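Student: Return a 3D structure for these sequence lines:
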Amino acid sequence: MAILEITVPDIGDFDEVTVIELMVKPGDSVKAEQSLITVESDKASMEIPSSHAGVVKELKVALGDKVKTGSLVLMLEVAGEAAVPTVAAPAAPAAAAPAPAAAAVPAVASGPVEVRVPDIGDFKDVTVIEIMVKPGDVVKVEQSLITVESDKASMEIPSSAAGVVKELKVKLGDKVNIGDLLAILEGTVAVAPVAAAPASAPVVSAAAEPAQAAVAVAVATPAHVPTATPALGLPHASPSVRKFARELGVPLAEVKGSGLKGRITDADVQSFTRSVMSGAVQTLAISAQQAAKPAAGGGGSELGLIPWPKVDFTKFGPVERKEMSRIKKISGANLLRNAIMIPAVTNHDDCDITDLEAFRVSTNKENEKSGVKVTMLAFLIKACVAALKKYPEFNSSLDGDALIYKQYFHIGFAADTPNGLMVPVIKDADKKGIFQISTEMGDLAKKARDGKLSPAEMSGASFTISSLGGIGGRYFTPIINAPEVAILGVCRSTIEPVWDGKAFQPRLMLPLSLTWDHRVIDGAAAARFNVYLGQILGDFRRVLL
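Tutor: So this is what the prediction gives:
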């Protein structure tokens, strides 16, 4: 066995990039071309591979270190013959050859201008993972238009011209190569050379070793000033971590990074996945590709359905087109999935809340100076907790062929906001009193209306209540919020004549609509749950039993 020094290969003009991730540790066995560390500049991140197979003896870099071409990464213990270096430095003329001179172009061009992918070296079929402009945006020369990603690196592609974006020719998820059309610009623009790589781009020799070519990011995009910051920024994670997250279906925007400067690691993705599976975290986000699809216009071909109708509504009269809000796109996709995947049934019942409403009104009068207003929803939350304790299958989630029975009682409540429906969560509602729940509900509802709810405040619900009491209506069929197995819908209470055995009495009746997952709950259990819930609301002293 022999010891071999593994150094940073030729990464072109990138000087003193930062080590943001260590992917191996002493004692690990590595293969040739296996990634060892991830480094990052202000415009690109890349993984540095090993040129040999062997066992890591000692790491020579730490998180936050600055490295460049030739920097020592680690000491590798290899077999005797393999210790002979096989990665020779490229011949001086090839390595140092300047980029070919660009063909002469006019300094100014008028009319439509095509912007294409410049020379990005040996990278082929790179994926578009972020689009940084939209039609109508004004862009400058060398302003970044898109971000692309290979298995080993991500990079921003700049514009070769200035002007107004007339049309984008790529979308998220597309594969692009050198020369592919990215966008059409319109107007009088100053055109930059596109026949060769930008002046700052390193030239990758055709004779370079694969280990070098795999990590050489051939476009060092200059700094730019974007016209607008994208609503959804690129997650702070390496290409391999983003690929790992895509394979698991994990929305990186919701994952909290534990690495340097909040960098997301493989362990963070795995931890998030375990949390979702256990029900501790409920993901509300979807990928940018999914969010871009209309919630109702997906086509249906993947389900074997006939195509969604395409209609030119302007043929029938004036129309106005408005893009859906991001919240509606996200909730729409989730609701569609839940409506299709869950065999849901809804029970409709009425319960007598005459005495409870009188108690609520008197309580608010007695505590008027406290500033805390008790709502019927606070009583409903406590009543649901009691029912969930008596019928624990309603507080469970499916995990394959098993049921996860939760020992906590986190109750979500639907909040109507100007941007769409949001579901804040009251954590540990079983341990809180009516006043505390009312105060917390008011705070969360205000945050929802102001758009300031954090993902943590909308995660982890084990049961949800959707109340339309402030609006009206009689009954409705709420859609279950997966991975929960039931949801309670509540409408406005009304005074109705109720027969007491001798005469009709005016009673305040509250409509209840309980939707449940038939894979977990049967009709008899659902009926018992609703009856018991009605009994508690009819005589709240039962909560103490």
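
Student: Can you report how many residues lie near residue 60?
Tutor: 14 (other C-beta atoms under 10 Å). Every C-beta, even on glycine, is put in place using the N, C-alpha and C of the backbone.

Student: That one against residue 73, yeah?
Tutor: Yes - with contact taken as C-beta atoms under 8 Å, residue 60 and residue 73 are classed as touching, separated by 6.1 Å.

Student: List the residues that contact residue 244.
Tutor: Counting by C-beta atoms under 8 Å, 6 or more residues apart in numbering, residue 244 touches 266, 269.

Student: Is it in a helix, a strand, or coil?
Tutor: Counting by DSSP: H, G, I helix; E, B strand; the rest coil, the backbone at residue 244 sits in helix.

Student: ok, so what distance separates it from residue 238?
Tutor: According to C-beta to C-beta, to the nearest Å, residue 244 stands 9 Å off from residue 238.

Student: Over to residue 265?
Tutor: Residue 265 is 8 Å from residue 238, by C-beta to C-beta.

Student: cool, residue 365 as well?
Tutor: Distance from residue 365 to residue 238, by C-beta to C-beta: 60 Å.

Student: Have a look at these two and say which one is more surrounded.
Tutor: Neighbours were counted for residue 365 and for residue 238 using other C-beta under 10 Å; residue 238 has more, 29 against 8.

Student: So for the more buried one, what's the pLDDT?
Tutor: Confidence at residue 238, expressed as pLDDT, is 70.

Student: Same check on residue 230?
Tutor: So residue 230 comes in at 37 (pLDDT).

Student: tally of neighbours for the closest residue in space to residue 392 that isn't next to it in sequence?
Tutor: Excluding the flanking residues, the one nearest residue 392 by C-beta to C-beta, 6 or more residues apart in numbering is residue 405, at 5.5 Å. By the measure other C-beta under 10 Å, the count of residues near residue 405 is 11.

Student: For residue 405, list the residues it contacts.
Tutor: For residue 405, the contacting residues are 392, 393, 395, 396, by C-beta under 8 Å, 6+ apart.

Student: Residue 440 too?
Tutor: 426, 432.

Student: Same check on residue 341?
Tutor: By C-beta under 8 Å, 6+ apart, the neighbours of residue 341 are residue 482.

Student: Stretch 315-325 spans what distance, first to last residue?
Tutor: 26 Å (C-alpha to C-alpha, to the nearest Å).

Student: I'd say residue 313 and residue 321 touch.
Tutor: No - taking contacts as C-beta under 8 Å, residue 313 lies outside contact range of residue 321: 9.1 Å.

Student: For those two, indicate the residue with more neighbours.
Tutor: When neighbours are counted by other C-beta under 10 Å, residue 313 and residue 321 differ, and residue 313 comes out ahead with 9 against 6.

Student: that older thread, could you tell me which residues touch both of residue 265 and residue 238?
Tutor: In contact with both residue 265 and residue 238: residue 21, using C-beta under 8 Å, 6+ apart.

Student: how close does the closest residue to residue 354 other than its chain neighbours get to residue 474?
Tutor: Spatially, and ignoring its direct neighbours in sequence, residue 354 is nearest to residue 508 (4.4 Å; C-beta to C-beta, 6+ apart). Going from residue 508 to residue 474 by C-beta to C-beta gives 15 Å.

Student: Below-threshold pLDDT in this protein: ranges please.
Tutor: 12-14, 42-43, 80-110, 121-122, 152, 187-235, 239, 247, 260-261, 276-304 (pLDDT under 70).

Student: which SSE is residue 382 in?
Tutor: Following DSSP states H and E, one finds residue 382 within helix 376-390.

Student: which of the residues in that helix are buried?
Tutor: Of all the residues in helix 376-390, those buried under the rule 16 or more other C-beta atoms under 10 Å are 376-388.

Student: Name the next helix or strand downstream of it, please.
Tutor: In N-to-C order, the element after helix 376-390 by DSSP H and E is strand 396-399.

Student: Run through who's touching that next one.
Tutor: For strand 396-399, using C-beta under 8 Å, 6+ apart, the contacting residues are 277, 279, 403-406, 462, 483-485, 517, 519-520.

Student: let's see it at 6 Å
Tutor: By C-beta atoms under 6 Å, 6 or more residues apart in numbering, the residues outside strand 396-399 that reach it are 279, 403, 404, 405, 483, 485.

Student: Could you dump the residues you listed into a markdown table with secondary structure added?
Tutor: As requested, the contacts of strand 396-399 are arranged in a markdown table below (three-state DSSP):
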| residue | secondary structure |
| --- | --- |
| 279 | coil |
| 403 | strand |
| 404 | strand |
| 405 | strand |
| 483 | coil |
| 485 | coil |
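
Student: Return the member of these nearest to residue 454.
Tutor: residue 279 (18.3 Å; C-beta to C-beta).

Student: where do the strands sit along the stretch 351-500 of the chain?
Tutor: For the stretch 351-500 of the chain, the strands defined by DSSP state E, counting those that start in this stretch occupy 396-399, 402-405, 411-413, 415-417, 420-422, 425-426, 463-467, 486-490, 494-499.

Student: The fifth one pairs with which strands?
Tutor: In other words, strand 420-422. strand 415-417 (antiparallel) (DSSP bridges).

Student: List the buried residues in the strand it pairs with.
Tutor: Neighbour counts over strand 415-417 (16+ other C-beta under 10 Å) mark 415, 416, 417 as buried.

Student: Next, count neighbours for the nearest residue to residue 186 once chain neighbours are set aside.
Tutor: Distance criterion C-beta to C-beta, 6+ apart; nearest residue to residue 186, sequence neighbours excluded, is residue 166 at 4.0 Å. For residue 166, the neighbour count with other C-beta under 10 Å is 14.

Student: Show me what the longest strand along the chain is in contact with.
Tutor: Longest strand of the chain, by residue count under DSSP state E: strand 504-517. Strand 504-517 is contacted from outside by 342, 344-354, 357, 474-478, 480, 485-489, 491, 493, 495-498, 526, 530, using C-beta under 6 Å, 6+ apart.

Student: residue nearest the centroid of this structure?
Tutor: residue 251 (3.2 Å; C-alpha atoms, centre = their mean).

Student: quick one: contacts for residue 72?
Tutor: Counting by C-beta under 6 Å, 6+ apart, residue 72 has contacts 5, 7, 60.
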